[in-house]
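K.L.:
Could you look at this predicted model? Sequence included:
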Amino acid sequence: MIDETLLEAMEKMDKAVEHTQQQFSTVRTGRATPSLVERINVEYYGAHVPLQQIASISVPEARQLLIKPHDRNSLEAVEKARPVILEPVVKIRITAQDSAMGDLAGDLSGRRGRINGSESKSGGRIAIDGEVPLAELSGYESRLKSLTGGEGTYQIELSHYAAVPGNIQKQLGDAYQRAADD
């Protein structure tokens with residue numbers, strides 16, 4: 001009897017592993033497409049329905065899906081979901097003399113950024129790779145020139161979107177409310 005129970009449990013586990021492998025085989029990376037959400041079902045008036053049946057899905061950018069519900073009443077659910085403000089985060093590569101590394105690292109962290117790594121270059125130079133919110137790069141070119149004696153350069157590339165910290169979301173919400181009241 002114990003052997004039969006163990007055999008039955010092993011068969012169920014094998015089926016579960018096979019099912020999981022099938023589900024993971026559909027996961028993709030790369031450019032966003034509406035097919036990424038084709039297997040997502042949502043609860044709609046008590047029934048589970050495919051997301052595409054209740055919303056239009058478009059791809060305005062390579063890394064962004066825009067889901068717009070057909071039924072305006074379902075926007076109440078969005079309001080109850082506690083939406084957050086997202087901001088663009090960029091990859092940044094700073095090239096400067098290696099003696100400026102400490103100043104550059106401190107400046108980047110003061111801008112809510114982080115360093116992912118660095119690479120020594122010839123001629124006593126260094127390349128610093130990191131991520132920083134795009135909003136924090138206002139005036140960065142002049143700051144970089146000041147920190148490096150005019151010898152630093154930087155390049156940025158969109159990386160992803162991330163939630164704005166709570167204190168900044170509150171400031172933005174308060175500013176929006178003041179503007180709406182005027």
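P.N.:
Nice, I can see it. Just so it is clear, the structure is predicted and the values come from calculations on it, not from any experiment.
K.L.:
Tell me what Gly130 is bridged to.
P.N.:
Ile92, Ile115 (DSSP bridges).
K.L.:
Just list the residues touching the nearest residue to Val84 once chain neighbours are set aside, thanks.
P.N.:
Once flanking residues are discounted, Val84 sits nearest to Ala163: 4.6 Å by C-beta to C-beta, 6 or more residues apart in numbering. (Glycine included, C-beta is placed from N, CA and C.) By C-beta atoms under 8 Å, 6 or more residues apart in numbering, the contact set of Ala163 is Val84, Ile85, Leu86, Glu87, Gln169.
K.L.:
any chance you could map the helices in this protein?
P.N.:
For the chain, the helices defined by DSSP state H occupy 2-24, 51-54, 75-80, 101-110, 140-148, 166-181.
K.L.:
just flag whichever of those has the lowest average confidence.
P.N.:
Note on the helices of the chain: helix 75-80 shows the lowest mean pLDDT, a mean of 58.
K.L.:
Break the protein down into its domains, please.
P.N.:
Using automatic domain parsing, the domains assigned to the chain come out as 34-80, 86-164.
K.L.:
For the last one, what is the spacing between the initial and final residues?
P.N.:
Read it as domain 86-164. 6 Å (C-alpha to C-alpha, to the nearest Å).
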